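Novice: Here is my input; please provide its structure:
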Amino acid sequence: MHYAEGHGEPAHAALRAWLATLPGQPGFLGAERLASPEQPALTLVASRWAFRPPDLGVPQGVRAWTFEVVERREGRQQQ
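Specialist: Reported below is the predicted structural model:
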């Protein structure tokens, strides 16, 4: 998993554009851009990868981390 975090409107716009580039990367499985009403200046992009992601070159002023899933729980799907 890869997370990128930015604060403020410039980071919001940069992460929105950056998110659009991810599907072309090798191993990309999916991503979401997240926002929180409790932290309106914060934008987070969470992405999932088949293997360790390549160097993604996050926008200037954005912080990023790569995590390895070490444990998982699945919920039941509602019908």
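Novice: so where do the helices sit in the protein?
Specialist: 9-21 (DSSP state H).
Novice: Check it for its longest strand and report it.
Specialist: Counting residues, the longest strand found in the chain (DSSP state E) is strand 39-49.
Novice: Now do that strand, average pLDDT.
Specialist: Taken as a whole, strand 39-49 has a mean pLDDT of 96.
Novice: Stretch 54-72 too?
Specialist: Computed over stretch 54-72, the average pLDDT equals 92.
Novice: Distance from it to the middle of the chain?
Specialist: 7 Å (C-alpha atoms, centre = their mean, to the nearest Å).
Novice: Check which residues of that stretch are buried.
Specialist: Neighbour-count burial for stretch 54-72, counted by 16 or more other C-beta atoms under 10 Å, picks out 56, 58-59, 62, 64. C-betas here are computed from N, CA, C, even on glycine.
Novice: Let's have those residues in JSON lines, adding distance to Ala46.
Specialist: Formatted as JSON lines, the buried residues of stretch 54-72 follow (distance: C-beta to C-beta, whole Å):
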{"residue": "Leu56", "distance to Ala46": "13"}
{"residue": "Val58", "distance to Ala46": "13"}
{"residue": "Pro59", "distance to Ala46": "16"}
{"residue": "Val62", "distance to Ala46": "13"}
{"residue": "Ala64", "distance to Ala46": "11"}
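Novice: Show only the entries of those residues found in strands.
Specialist: Ala64.
Novice: Return the closest of the buried residues of stretch 54-72 with respect to Met1.
Specialist: Ranked by distance to Met1 (C-beta to C-beta), the buried residues of stretch 54-72 are led by Ala64 at 11.2 Å.
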